[in-house]
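Participant: sequence plus predicted model, see below.
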There are 2 protein chains.
Amino acid sequence: MKFSPLVQELIDTLKCLPGVGAKSAQRMAFHLLERNRAGGEKLANALGKAMIHIGHCQQCRNFTEDELCQICQSPKRKISETMCIVENPADVIAIEQTGEFQGRYFILMGHLSPLDGIGPDDLGLDVLSKQLETGQFREVILATNPTVEGEATAHYIAELASKYQLTISRIAHGVPVGGELEYVDGNTLSHAFSGRKSYQY
Amino acid sequence: MKFSPLVQELIDTLKCLPGVGAKSAQRMAFHLLERNRAGGEKLANALGKAMIHIGHCQQCRNFTEDELCQICQSPKRKISETMCIVENPADVIAIEQTGEFQGRYFILMGHLSPLDGIGPDDLGLDVLSKQLETGQFREVILATNPTVEGEATAHYIAELASKYQLTISRIAHGVPVGGELEYVDGNTLSHAFSGRKSYQY
Ligand SMILES: [Zn+2]
Ligand SMILES: [Zn+2]
(Lines give C-alpha, C1' and ligand atoms only; values in the text may rest on other atoms or scores of the structure.)
(Ligands and ions follow the chains in the order given, each with its own letter.)
Protein backbone atom coordinates (compact mmCIF):
# COMPACT_ATOMS: atom_id res chain seq x y z
CA MET A 1 0.00 0.00 0.00
CA LYS A 2 1.20 3.43 -0.95
CA PHE A 3 -0.14 6.95 -0.80
CA SER A 4 -2.55 8.02 -3.54
CA PRO A 5 -0.76 8.48 -6.92
CA LEU A 6 -0.52 12.29 -6.78
CA VAL A 7 0.62 12.31 -3.15
CA GLN A 8 3.23 9.66 -3.95
CA GLU A 9 4.43 11.61 -6.99
CA LEU A 10 4.80 14.74 -4.87
CA ILE A 11 6.83 12.87 -2.24
CA ASP A 12 9.03 11.21 -4.88
CA THR A 13 9.79 14.45 -6.70
CA LEU A 14 10.57 16.32 -3.45
CA LYS A 15 13.42 13.84 -3.00
CA CYS A 16 15.29 15.51 -5.88
CA LEU A 17 16.08 18.35 -3.45
CA PRO A 18 19.56 17.95 -1.92
CA GLY A 19 19.49 16.64 1.65
CA VAL A 20 15.87 15.53 1.42
CA GLY A 21 15.23 11.82 2.04
CA ALA A 22 12.00 9.83 2.11
CA LYS A 23 11.00 10.97 5.60
CA SER A 24 11.57 14.70 5.06
CA ALA A 25 9.89 14.53 1.66
CA GLN A 26 6.81 13.07 3.36
CA ARG A 27 6.86 15.72 6.04
CA MET A 28 7.20 18.48 3.42
CA ALA A 29 4.35 17.11 1.30
CA PHE A 30 1.98 16.83 4.26
CA HIS A 31 2.95 20.25 5.54
CA LEU A 32 2.16 21.91 2.20
CA LEU A 33 -1.06 19.94 1.68
CA GLU A 34 -2.31 20.51 5.20
CA ARG A 35 -1.05 23.93 6.15
CA ASN A 36 0.31 25.90 3.23
CA ARG A 37 -1.34 25.29 -0.15
CA ALA A 38 -0.76 28.90 -1.16
CA GLY A 39 2.95 28.51 -0.44
CA GLY A 40 3.04 25.27 -2.39
CA GLU A 41 1.42 26.91 -5.40
CA LYS A 42 3.85 29.81 -5.29
CA LEU A 43 6.76 27.38 -5.10
CA ALA A 44 5.43 25.36 -8.04
CA ASN A 45 5.17 28.55 -10.02
CA ALA A 46 8.59 29.94 -9.09
CA LEU A 47 10.24 26.58 -9.78
CA GLY A 48 8.59 26.24 -13.16
CA LYS A 49 9.66 29.71 -14.25
CA ALA A 50 13.16 29.32 -12.82
CA MET A 51 13.89 26.02 -14.55
CA ILE A 52 12.87 27.47 -17.90
CA HIS A 53 14.08 31.06 -17.80
CA ILE A 54 17.20 31.18 -15.62
CA GLY A 55 20.43 30.75 -17.53
CA HIS A 56 24.02 31.89 -17.06
CA CYS A 57 25.38 35.41 -17.55
CA GLN A 58 27.35 35.32 -20.80
CA GLN A 59 30.21 37.13 -19.15
CA CYS A 60 30.56 36.03 -15.53
CA ARG A 61 28.49 32.80 -15.58
CA ASN A 62 26.33 33.85 -12.65
CA PHE A 63 22.68 32.76 -12.70
CA THR A 64 20.43 35.29 -14.38
CA GLU A 65 17.33 35.42 -16.54
CA ASP A 66 18.97 38.12 -18.69
CA GLU A 67 21.86 37.86 -21.13
CA LEU A 68 24.10 39.77 -18.73
CA CYS A 69 23.64 39.82 -14.95
CA GLN A 70 23.01 43.02 -13.01
CA ILE A 71 26.67 43.41 -12.08
CA CYS A 72 27.98 42.88 -15.62
CA GLN A 73 25.37 45.37 -16.88
CA SER A 74 26.61 48.13 -14.57
CA PRO A 75 28.55 50.78 -16.56
CA LYS A 76 31.08 51.23 -13.73
CA ARG A 77 31.82 47.51 -13.55
CA LYS A 78 32.02 47.20 -17.32
CA ILE A 79 35.27 49.16 -17.41
CA SER A 80 36.75 47.65 -14.25
CA GLU A 81 40.29 46.31 -14.50
CA THR A 82 39.93 43.85 -11.63
CA MET A 83 38.31 40.43 -11.79
CA CYS A 84 37.43 38.38 -8.75
CA ILE A 85 37.06 34.63 -9.29
CA VAL A 86 34.75 32.74 -6.93
CA GLU A 87 33.23 29.29 -6.75
CA ASN A 88 29.55 30.09 -6.18
CA PRO A 89 26.88 32.77 -6.67
CA ALA A 90 26.51 32.99 -2.88
CA ASP A 91 30.17 34.09 -2.66
CA VAL A 92 29.35 37.08 -4.88
CA ILE A 93 26.58 38.12 -2.49
CA ALA A 94 28.91 37.77 0.50
CA ILE A 95 31.64 39.87 -1.15
CA GLU A 96 29.17 42.50 -2.38
CA GLN A 97 27.88 42.86 1.17
CA THR A 98 31.34 43.89 2.37
CA GLY A 99 31.30 46.83 -0.07
CA GLU A 100 35.03 46.17 -0.43
CA PHE A 101 35.09 45.29 -4.10
CA GLN A 102 33.72 47.14 -7.12
CA GLY A 103 35.17 45.07 -9.93
CA ARG A 104 33.91 42.24 -12.08
CA TYR A 105 33.37 38.63 -11.10
CA PHE A 106 33.81 35.28 -12.68
CA ILE A 107 31.81 32.45 -11.12
CA LEU A 108 33.20 28.97 -11.60
CA MET A 109 30.01 27.26 -10.38
CA GLY A 110 32.10 24.71 -8.51
CA HIS A 111 35.72 23.68 -8.31
CA LEU A 112 38.00 21.24 -10.10
CA SER A 113 37.06 17.75 -9.03
CA PRO A 114 38.55 15.07 -11.29
CA LEU A 115 36.82 12.28 -9.33
CA ASP A 116 33.42 13.82 -10.11
CA GLY A 117 34.50 14.44 -13.70
CA ILE A 118 34.55 18.21 -13.24
CA GLY A 119 37.37 19.62 -15.34
CA PRO A 120 38.50 23.10 -16.52
CA ASP A 121 35.85 23.35 -19.25
CA ASP A 122 33.03 22.64 -16.78
CA LEU A 123 34.22 25.67 -14.80
CA GLY A 124 34.18 27.84 -17.93
CA LEU A 125 37.94 28.37 -17.90
CA ASP A 126 37.88 28.59 -21.70
CA VAL A 127 35.47 31.54 -21.38
CA LEU A 128 37.70 33.04 -18.67
CA SER A 129 40.80 32.81 -20.90
CA LYS A 130 39.07 34.73 -23.67
CA GLN A 131 38.21 37.54 -21.25
CA LEU A 132 41.75 37.75 -19.88
CA GLU A 133 43.07 37.76 -23.46
CA THR A 134 41.30 41.05 -24.20
CA GLY A 135 43.78 42.87 -21.98
CA GLN A 136 41.04 44.70 -20.05
CA PHE A 137 42.13 43.30 -16.70
CA ARG A 138 45.18 44.22 -14.68
CA GLU A 139 44.46 42.06 -11.65
CA VAL A 140 42.83 38.72 -11.02
CA ILE A 141 41.85 37.97 -7.42
CA LEU A 142 41.53 34.27 -6.67
CA ALA A 143 38.73 34.01 -4.10
CA THR A 144 37.99 30.30 -4.24
CA ASN A 145 37.35 28.58 -0.91
CA PRO A 146 40.31 27.81 1.37
CA THR A 147 39.69 24.06 0.96
CA VAL A 148 41.89 21.47 -0.73
CA GLU A 149 39.75 21.65 -3.88
CA GLY A 150 39.51 25.44 -3.76
CA GLU A 151 43.30 25.77 -3.43
CA ALA A 152 43.92 23.33 -6.29
CA THR A 153 41.48 25.27 -8.46
CA ALA A 154 43.13 28.59 -7.54
CA HIS A 155 46.52 27.10 -8.42
CA TYR A 156 45.28 25.88 -11.79
CA ILE A 157 43.78 29.26 -12.66
CA ALA A 158 46.93 31.09 -11.51
CA GLU A 159 48.98 29.05 -13.98
CA LEU A 160 46.48 29.69 -16.74
CA ALA A 161 46.43 33.44 -16.01
CA SER A 162 50.22 33.69 -15.85
CA LYS A 163 50.23 33.77 -19.66
CA TYR A 164 48.74 37.24 -19.56
CA GLN A 165 50.29 40.44 -18.26
CA LEU A 166 48.47 40.82 -14.97
CA THR A 167 48.77 40.68 -11.21
CA ILE A 168 47.44 37.47 -9.72
CA SER A 169 46.46 37.60 -6.04
CA ARG A 170 44.86 35.27 -3.54
CA ILE A 171 42.57 36.45 -0.73
CA ALA A 172 44.30 36.31 2.66
CA HIS A 173 43.80 33.33 4.96
CA GLY A 174 44.11 33.75 8.68
CA VAL A 175 42.35 34.04 11.99
CA PRO A 176 38.76 35.25 11.47
CA VAL A 177 38.17 38.74 12.84
CA GLY A 178 36.60 38.42 16.27
CA GLY A 179 37.66 34.77 16.52
CA GLU A 180 39.52 33.44 19.53
CA LEU A 181 42.89 31.85 18.89
CA GLU A 182 42.22 28.77 20.97
CA TYR A 183 39.21 27.84 18.84
CA VAL A 184 40.93 28.32 15.47
CA ASP A 185 42.09 25.13 13.76
CA GLY A 186 45.81 24.50 13.40
CA ASN A 187 45.86 24.83 9.63
CA THR A 188 44.30 28.30 9.75
CA LEU A 189 46.66 29.27 12.55
CA SER A 190 49.74 28.28 10.58
CA HIS A 191 48.39 30.28 7.61
CA ALA A 192 47.98 33.21 9.99
CA PHE A 193 51.64 32.92 10.99
CA SER A 194 53.16 32.37 7.56
CA GLY A 195 51.07 35.23 6.20
CA ARG A 196 52.00 37.67 8.99
CA LYS A 197 52.58 41.32 8.10
CA SER A 198 54.66 43.99 9.80
CA TYR A 199 52.65 45.73 12.48
CA GLN A 200 51.05 49.06 11.51
CA TYR A 201 51.49 51.69 14.23
CA MET B 1 22.74 43.38 -3.84
CA LYS B 2 20.59 40.33 -4.25
CA PHE B 3 20.33 37.46 -6.67
CA SER B 4 18.50 38.08 -9.93
CA PRO B 5 14.71 38.44 -9.40
CA LEU B 6 13.79 34.91 -10.52
CA VAL B 7 16.61 33.30 -8.54
CA GLN B 8 15.61 35.29 -5.46
CA GLU B 9 11.95 34.33 -5.90
CA LEU B 10 12.92 30.65 -6.13
CA ILE B 11 15.00 30.88 -2.94
CA ASP B 12 12.26 32.75 -1.08
CA THR B 13 9.53 30.30 -2.04
CA LEU B 14 11.68 27.27 -1.15
CA LYS B 15 11.67 28.61 2.40
CA CYS B 16 7.99 27.66 2.71
CA LEU B 17 9.16 24.05 3.05
CA PRO B 18 9.35 22.98 6.72
CA GLY B 19 12.91 22.88 8.07
CA VAL B 20 14.30 24.90 5.16
CA GLY B 21 16.03 28.17 6.08
CA ALA B 22 17.77 30.75 3.93
CA LYS B 23 20.98 28.72 3.54
CA SER B 24 19.35 25.43 2.57
CA ALA B 25 16.96 27.22 0.24
CA GLN B 26 19.96 28.71 -1.55
CA ARG B 27 21.68 25.34 -1.74
CA MET B 28 18.51 23.72 -3.12
CA ALA B 29 18.00 26.44 -5.73
CA PHE B 30 21.61 26.24 -6.97
CA HIS B 31 21.53 22.46 -7.00
CA LEU B 32 18.40 22.36 -9.16
CA LEU B 33 19.61 25.13 -11.49
CA GLU B 34 23.08 23.68 -11.88
CA ARG B 35 22.59 19.94 -11.72
CA ASN B 36 19.00 18.88 -11.99
CA ARG B 37 16.72 21.04 -14.14
CA ALA B 38 14.71 18.00 -15.19
CA GLY B 39 14.09 17.15 -11.53
CA GLY B 40 13.13 20.75 -10.81
CA GLU B 41 10.61 20.77 -13.64
CA LYS B 42 9.09 17.50 -12.46
CA LEU B 43 8.82 18.88 -8.95
CA ALA B 44 7.18 22.09 -10.20
CA ASN B 45 4.69 20.00 -12.10
CA ALA B 46 3.93 17.55 -9.28
CA LEU B 47 3.55 20.40 -6.80
CA GLY B 48 1.21 22.32 -9.06
CA LYS B 49 -1.04 19.32 -9.62
CA ALA B 50 -0.92 18.29 -5.96
CA MET B 51 -1.90 21.69 -4.58
CA ILE B 52 -4.91 21.84 -6.89
CA HIS B 53 -6.17 18.27 -7.07
CA ILE B 54 -5.39 16.60 -3.74
CA GLY B 55 -8.18 16.84 -1.21
CA HIS B 56 -9.38 14.76 1.71
CA CYS B 57 -11.22 11.42 1.54
CA GLN B 58 -14.83 12.17 2.47
CA GLN B 59 -14.89 9.23 4.81
CA CYS B 60 -11.49 8.82 6.50
CA ARG B 61 -9.96 12.27 5.79
CA ASN B 62 -6.78 10.82 4.26
CA PHE B 63 -5.21 12.74 1.40
CA THR B 64 -6.53 11.64 -1.98
CA GLU B 65 -7.33 13.08 -5.38
CA ASP B 66 -10.56 11.02 -5.46
CA GLU B 67 -13.73 11.40 -3.45
CA LEU B 68 -12.91 8.25 -1.49
CA CYS B 69 -9.37 6.98 -0.91
CA GLN B 70 -8.21 3.58 -2.11
CA ILE B 71 -8.84 1.96 1.28
CA CYS B 72 -12.34 3.37 1.70
CA GLN B 73 -13.14 2.25 -1.87
CA SER B 74 -12.21 -1.38 -1.14
CA PRO B 75 -15.40 -3.55 -0.90
CA LYS B 76 -13.93 -5.61 1.94
CA ARG B 77 -13.10 -2.52 4.00
CA LYS B 78 -16.46 -0.96 3.28
CA ILE B 79 -18.25 -3.52 5.46
CA SER B 80 -15.57 -3.68 8.17
CA GLU B 81 -16.77 -3.29 11.74
CA THR B 82 -13.46 -2.01 13.07
CA MET B 83 -12.14 1.53 12.83
CA CYS B 84 -8.58 2.52 13.60
CA ILE B 85 -7.98 6.16 14.48
CA VAL B 86 -4.53 7.60 13.72
CA GLU B 87 -2.93 11.03 13.66
CA ASN B 88 -1.24 11.05 10.23
CA PRO B 89 -1.37 9.51 6.75
CA ALA B 90 2.10 8.01 7.36
CA ASP B 91 0.65 6.03 10.28
CA VAL B 92 -1.79 4.36 7.88
CA ILE B 93 1.11 3.27 5.66
CA ALA B 94 3.01 1.91 8.68
CA ILE B 95 0.00 -0.07 9.91
CA GLU B 96 -0.87 -1.35 6.43
CA GLN B 97 2.68 -2.63 6.08
CA THR B 98 2.23 -4.87 9.12
CA GLY B 99 -0.70 -6.62 7.37
CA GLU B 100 -2.22 -6.87 10.86
CA PHE B 101 -5.31 -4.75 10.23
CA GLN B 102 -7.96 -4.99 7.55
CA GLY B 103 -10.48 -2.49 8.84
CA ARG B 104 -11.21 1.16 8.16
CA TYR B 105 -9.24 4.17 9.24
CA PHE B 106 -9.97 7.64 10.43
CA ILE B 107 -7.12 10.12 10.08
CA LEU B 108 -7.18 13.08 12.45
CA MET B 109 -4.47 14.99 10.55
CA GLY B 110 -2.92 16.05 13.83
CA HIS B 111 -3.85 15.98 17.50
CA LEU B 112 -5.69 18.22 19.92
CA SER B 113 -3.50 21.23 20.64
CA PRO B 114 -5.38 24.08 22.33
CA LEU B 115 -2.29 26.30 22.31
CA ASP B 116 -2.10 26.07 18.50
CA GLY B 117 -5.86 26.54 18.27
CA ILE B 118 -6.43 22.96 17.08
CA GLY B 119 -9.70 21.73 18.53
CA PRO B 120 -12.07 18.76 17.98
CA ASP B 121 -13.60 20.18 14.79
CA ASP B 122 -10.17 20.65 13.18
CA LEU B 123 -9.58 16.92 13.68
CA GLY B 124 -12.91 16.10 12.04
CA LEU B 125 -14.42 14.66 15.21
CA ASP B 126 -17.86 15.82 14.06
CA VAL B 127 -17.42 13.69 10.93
CA LEU B 128 -16.20 10.80 13.09
CA SER B 129 -19.27 11.02 15.36
CA LYS B 130 -21.60 10.73 12.38
CA GLN B 131 -19.82 7.58 11.24
CA LEU B 132 -19.98 5.97 14.68
CA GLU B 133 -23.66 6.90 14.93
CA THR B 134 -24.51 4.69 11.95
CA GLY B 135 -23.89 1.61 14.11
CA GLN B 136 -21.63 -0.02 11.52
CA PHE B 137 -18.68 -0.25 13.88
CA ARG B 138 -18.21 -2.61 16.81
CA GLU B 139 -14.71 -1.56 17.76
CA VAL B 140 -12.70 1.64 17.68
CA ILE B 141 -8.92 1.27 18.03
CA LEU B 142 -7.20 4.40 19.28
CA ALA B 143 -3.81 4.43 17.57
CA THR B 144 -2.72 8.00 18.20
CA ASN B 145 0.93 8.50 19.16
CA PRO B 146 2.06 7.61 22.71
CA THR B 147 2.88 11.28 23.40
CA VAL B 148 1.20 13.66 25.84
CA GLU B 149 -0.87 15.17 23.01
CA GLY B 150 -1.64 11.79 21.47
CA GLU B 151 -2.83 10.41 24.81
CA ALA B 152 -4.98 13.46 25.48
CA THR B 153 -6.50 13.14 22.02
CA ALA B 154 -7.15 9.40 22.54
CA HIS B 155 -8.79 10.19 25.86
CA TYR B 156 -11.06 12.82 24.31
CA ILE B 157 -12.14 10.47 21.52
CA ALA B 158 -12.72 7.61 23.98
CA GLU B 159 -15.18 9.81 25.88
CA LEU B 160 -16.88 10.87 22.68
CA ALA B 161 -17.15 7.27 21.46
CA SER B 162 -18.47 5.99 24.80
CA LYS B 163 -21.93 7.29 23.77
CA TYR B 164 -22.15 4.51 21.19
CA GLN B 165 -22.37 0.80 21.78
CA LEU B 166 -18.85 -0.27 20.92
CA THR B 167 -15.57 -1.58 22.23
CA ILE B 168 -12.93 1.10 22.60
CA SER B 169 -9.32 -0.06 22.65
CA ARG B 170 -5.88 1.53 22.72
CA ILE B 171 -2.83 0.03 21.01
CA ALA B 172 -0.40 -1.53 23.49
CA HIS B 173 2.58 0.45 24.74
CA GLY B 174 5.72 -1.35 25.86
CA VAL B 175 9.25 -2.36 25.07
CA PRO B 176 9.80 -2.30 21.29
CA VAL B 177 10.38 -5.78 19.83
CA GLY B 178 14.13 -6.29 19.43
CA GLY B 179 14.85 -3.41 21.80
CA GLU B 180 17.17 -3.78 24.77
CA LEU B 181 15.73 -3.03 28.20
CA GLU B 182 18.62 -0.86 29.28
CA TYR B 183 18.05 1.56 26.41
CA VAL B 184 14.29 1.88 26.88
CA ASP B 185 13.12 5.04 28.63
CA GLY B 186 11.58 4.74 32.08
CA ASN B 187 8.11 5.79 31.02
CA THR B 188 7.93 3.08 28.36
CA LEU B 189 9.31 0.56 30.83
CA SER B 190 6.66 1.33 33.42
CA HIS B 191 4.01 0.98 30.69
CA ALA B 192 5.57 -2.38 29.84
CA PHE B 193 5.18 -3.49 33.48
CA SER B 194 1.69 -2.15 34.12
CA GLY B 195 0.52 -3.66 30.83
CA ARG B 196 2.08 -7.10 31.45
CA LYS B 197 0.16 -10.21 30.36
CA SER B 198 0.26 -13.79 31.64
CA TYR B 199 2.96 -15.73 29.91
CA GLN B 200 1.87 -17.91 26.93
CA TYR B 201 3.48 -21.38 27.02
ZN1 LIG C 1 27.56 38.69 -15.14
ZN1 LIG D 1 -10.67 7.08 2.96
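Facilitator: Arrived safely. Numbers count the residues shown, from 1 in each chain, chains lettered A, B, ... in the order given. Ligands and ions are numbered 1, 2, ... in the order given.

Participant: can you list the weak-confidence ranges in chain A?
Facilitator: Filtered on pLDDT under 70, chain A yields the residue ranges A:1, A:199-201.

Participant: up against ligand 1, what does it have?
Facilitator: Residues of chain A lying near ligand 1 by C-beta under 5 Å from the ion: A:57, A:59-60, A:62, A:69, A:72. Where C-beta positions appear, they are placed from N, C-alpha and C, glycine not excepted.

Participant: list the contacts of the residue nearest to A:His53 when sequence neighbours are not counted.
Facilitator: Spatially, and ignoring its direct neighbours in sequence, A:His53 is nearest to A:Glu65 (4.7 Å; C-beta to C-beta, 6 or more residues apart in numbering or on different chains). Listed by C-beta atoms under 8 Å, 6 or more residues apart in numbering or on different chains, the contact set of A:Glu65 reads A:53-55, B:4-7.

Participant: in helices, which of those fall?
Facilitator: A:53, B:5-7 (DSSP state H).

Participant: about what we covered before: show the buried residues in the contacts of A:Glu65.
Facilitator: A:54, B:4, B:6-7 (16 or more other C-beta atoms under 10 Å in any protein chain shown).

Participant: related to what we said a few turns ago, and the ones in helices among the contacts of A:Glu65, which is closest to A:Asn88?
Facilitator: Distance to A:Asn88 across the ones in helices among the contacts of A:Glu65 (C-beta to C-beta) is lowest for B:Val7, with 12.3 Å.

Participant: got a list of what the closest one touches?
Facilitator: A:50, A:54, A:63-65, A:89, B:29, B:33 are the contacts of B:Val7 under C-beta under 8 Å, 6+ apart.

Participant: and if you look at A:Gly55?
Facilitator: Here A:Gly55 is in contact with A:63-65 (C-beta under 8 Å, 6+ apart).

Participant: can I assume A:Cys84 sits in a strand?
Facilitator: Yes. Using DSSP: H, G, I helix; E, B strand; the rest coil, the secondary structure at A:Cys84 is a strand.

Participant: and it, how many neighbours?
Facilitator: Using other C-beta atoms under 10 Å in any protein chain shown, A:Cys84 has 23 neighbouring residues.

Participant: ditto for A:Ser113
Facilitator: When neighbours are counted by other C-beta under 10 Å, A:Ser113 comes out with 14.

Participant: cool, and A:Ile118?
Facilitator: 17.

Participant: check the gap between the nearest residue to it once chain neighbours are set aside and A:Cys16 for me.
Facilitator: Using C-beta to C-beta, 6+ apart and skipping the chain neighbours, the partner closest in space to A:Ile118 is A:Gly110 (5.7 Å). Per C-beta to C-beta, to the nearest Å, A:Gly110 is found 19 Å from A:Cys16.

Participant: same check, this time on A:Met109
Facilitator: From A:Met109 over to A:Cys16 the distance is 19 Å, taken as C-beta to C-beta.

Participant: ranges for the strands of chain A?
Facilitator: A:55-56, A:63-64, A:82-86, A:104-107, A:139-142, A:167-170 (DSSP state E).

Participant: can you put the ones you listed in CSV and add distance to B:Leu115?
Facilitator: Below are these laid out as CSV (distance: least, C-beta to C-beta, whole Å):
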stretch, distance to B:Leu115
strand A:55-56, 47
strand A:63-64, 42
strand A:82-86, 46
strand A:104-107, 46
strand A:139-142, 53
strand A:167-170, 54
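
Participant: go through those and name the closest to B:His191.
Facilitator: Nearest of the strands of chain A (C-beta to C-beta): strand A:63-64, 54.0 Å.

Participant: distance from the chain centre to that closest one, please.
Facilitator: 12 Å (C-alpha atoms, centre = their mean, to the nearest Å).

Participant: okay, domains of chain A per the record?
Facilitator: For chain A, the domain assignment from automatic domain parsing gives the residue ranges A:5-53, A:69-170.

Participant: now do the same end-to-end measure for the longest one.
Facilitator: Start-to-end span of domain A:69-170 (C-alpha to C-alpha, to the nearest Å) is 25 Å.
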